[in-house]
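K.L.:
below is the sequence, then the predicted model.
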Amino acid sequence: MLNLSSSFYLNMPSSRRTHQLLSLTALAALITLASSCGPKTYNFEDNPVPSYEGVPSIVVDAYVNRMWIDLFGREPLSDEREEVRAELRAGELSIAARKALIDRVRSTASESHDYPSTYYHKLTLDLNARFLQGASMEQIADLEQSYRGFASQDSANGDMLLYQFWTQEADKLSAIPENRDRFRLEEIDFGTLSKTFAFNGLYDEINMNSFNFINATFDDFYSRFPTSEEYENAYAVIEYGEAVGVMGSAAFDKDSYLEALIANPEFNEGTIRWAYKLLLSREPSTAEVLVHLETLGAAGDFRLLQREILSSDEYADL
C-alpha cells in the first residue's frame, strides 16, 4: 500500500486530498479483488457426460481391431469392421452398446463367420498360455496320441498297470477340448475348465517335481506363491499323498488338491489379476478387484469379467 506522511497529506489542497483518497480507495478495492480471485468450482445439475459423437472413425476402428484380436485372435475383415463400426455408432458408442456387441459376436454364428467356435478356441489358447506355456492344440493332440500309443504297446505286452496309467494321462489331455465345449454349453464353471489345464502330464512335465508343481499352481491360479504353511500342507499332499487341509478344503492327491485351489474364493481374485494382465497389461487395484468379484458372480464366470473390461473406456480408449 502507499504510505503517505500525515503532514504531506494535510498540506495538500482539498481537491487533491479528495482525489487522492478516491484513488487510494479504488486501489485498495482492486487489491482486495485480486487477492480473492482463484479457481472456483461450479456444480451444474442435469449435466450429462458428453457423447462420443466426435470420436474419429480411425479411433473406433482401432478399438474394434483390438477387441477382435482379444476375442478371436485375429483382426476383423473389412466388412466386419464396417458393420461393427456402424453398430457402435448407432448405439452412440455407449458402454451399453459395446456390451451388446460383445455378447452378440461371442454367441452368434452365421454362414460366413462361426464366432462362438472361434471365441472358445481363442479362450483355450489364452488358458494354454496361462498354464501350459502356450502349447498349441495340435501339440496337445499329438501328445495325447503318443500316450495312447504307449498304452497300446503296454496292453500288447500284458502290462495292464502301465496301460491304465497312459490311458488316464491321454484322457486328461483330451479333457481340455472336451471341457472347453462343456464350458461353452455351461455344463461346467470356469474353475473346472481352468483345472483341466493343470491336471495333465504336460503341466507336470513343465513343472517337474513337487516343489515346482506347488509353486506353479499357486502362481497360475492365484498370481502369488504359497506361504510356508500353505506350501507344507500342499507338499504333504503332492509328495506323500497325505490327507491334509489345503486352502480350506480336504485334499489327498493332485486331483483333490487342484479342486481345493479352485474352490477357494481367492481363485476368483487370481482370475481378475490374470484378466487385467491379459487385456489391459497391468495389475488391478484393490478397489478394482473388489468390484470385479461381484462382476464374476457366484460361478466366477470369466466371460462376464471379460465383457466388463472390453467395454470399458480404458480399454476402448475412446
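P.N.:
Nice, I can see it.
K.L.:
contacts and neighbour counts: CA atoms only from here.
P.N.:
OK.
K.L.:
what residues sit buried inside the lengthiest helix in the chain?
P.N.:
Across the chain, the longest stretch assigned as helix under DSSP state H is helix 160-184. The neighbour-count criterion (16 or more other Cα atoms under 10 Å) identifies 162-163, 165-177, 179-181, 183-184 as the buried residues of helix 160-184.
K.L.:
are there helices or strands packed against it, and which ones?
P.N.:
Applying 3 or more Cα pairs under 8 Å, 6 or more residues apart in numbering; DSSP states H and E, one finds that helix 160-184 contacts helix 115-131, helix 137-156, helix 190-196, helix 201-206.
K.L.:
okay, the ones you listed, which one's buried deepest?
P.N.:
Highest mean neighbour count among those (mean count of other Cα atoms under 10 Å): helix 190-196, with a mean of 21.
K.L.:
which one of the helices and strands packed on helix 160-184 lies closest to residue 306?
P.N.:
Of all the helices and strands packed on helix 160-184, helix 115-131 sits nearest to residue 306, with 10.7 Å by Cα to Cα.
K.L.:
show me how far that closest one is from its chain's centre.
P.N.:
Distance, stretch centre to chain centre, for helix 115-131: 14 Å (Cα atoms, centre = their mean, to the nearest Å).
K.L.:
what's the answer for stretch 301-316, then?
P.N.:
Centroid separation for stretch 301-316 versus its chain: 7 Å, with Cα atoms, centre = their mean.
K.L.:
next, count neighbours for residue 260.
P.N.:
If you count neighbours by other Cα atoms under 10 Å, residue 260 ends up with 18.
K.L.:
would you confirm that it contacts residue 247?
P.N.:
Yes - with contact defined as Cα atoms under 8 Å, residue 260 reaches residue 247; the gap is 6.2 Å.
K.L.:
okay, stretch 134-141 in PDB with CA atoms only?
P.N.:
Output in PDB follows, covering the C-alpha atoms of stretch 134-141 (Å, rounded to 0.1, in the frame of the first residue of the first chain):
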ATOM      1  CA  GLY A 134       1.500 -71.500 -24.900                       C
ATOM      2  CA  ALA A 135       1.300 -75.100 -26.200                       C
ATOM      3  CA  SER A 136      -0.900 -75.300 -29.300                       C
ATOM      4  CA  MET A 137      -3.900 -77.600 -29.500                       C
ATOM      5  CA  GLU A 138      -2.100 -79.600 -32.200                       C
ATOM      6  CA  GLN A 139       0.800 -80.200 -29.700                       C
ATOM      7  CA  ILE A 140      -1.600 -81.300 -27.100                       C
ATOM      8  CA  ALA A 141      -3.400 -83.600 -29.500                       C
END
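K.L.:
give me the residues contacting that stretch.
P.N.:
Residues outside stretch 134-141 that contact it (Cα atoms under 8 Å, 6 or more residues apart in numbering) are 125, 126, 128, 129, 173, 174.
K.L.:
cool, stretch 268-282 as well?
P.N.:
70, 220-223, 283-284, 289, 292-293, 296, 300, 302, 305-306, 309-310, 315.
K.L.:
buried members of those into PyMOL, please.
P.N.:
Applying 16+ other Cα under 10 Å to the contacts of stretch 268-282, the buried members can be selected in PyMOL as follows:
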select buried, resi 70+220+221+222+223+284+289+292+293+296+300+302+305+306+309+310
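K.L.:
mind checking which of the contacts of stretch 268-282 land in helices?
P.N.:
The helices, defined by DSSP H, take in 70, 220-222, 289, 292-293, 296, 302, 305-306, 309-310, 315 from the contacts of stretch 268-282.
K.L.:
with these in mind, which one is nearest to residue 194?
P.N.:
So of the ones in helices among the contacts of stretch 268-282, ranked by how close each gets to residue 194 (Cα to Cα), first place is residue 221, at 8.4 Å.
K.L.:
hmm, that closest one is touching residue 267, no?
P.N.:
Yes - Residue 221 is within contact range of residue 267, at 6.0 Å (criterion: Cα under 8 Å).
K.L.:
which residues do those two both contact?
P.N.:
residue 261.
K.L.:
in the stretch 1-150 of the chain, which spans are strands?
P.N.:
Assigned by DSSP state E, counting those that start in this stretch, the stretch 1-150 of the chain shows no strands.
K.L.:
could you list the low-confidence segments of it?
P.N.:
For the stretch 1-150 of the chain, the stretches flagged by pLDDT under 70 are 1-53.
K.L.:
tell me which residue lies nearest the centroid of the protein.
P.N.:
In the chain, the centroid-proximal residue (Cα atoms, centre = their mean) is residue 275; its distance is 2.1 Å.
K.L.:
measure how the strand or helix carrying that one sits relative to helix 302-310, angle-wise.
P.N.:
Using DSSP states H and E, residue 275 falls within helix 266-279. Between helix 266-279 and helix 302-310, the angle comes out at 40 degrees (axes from the mean of the first three to the mean of the last three Cα atoms, to 10 degrees).
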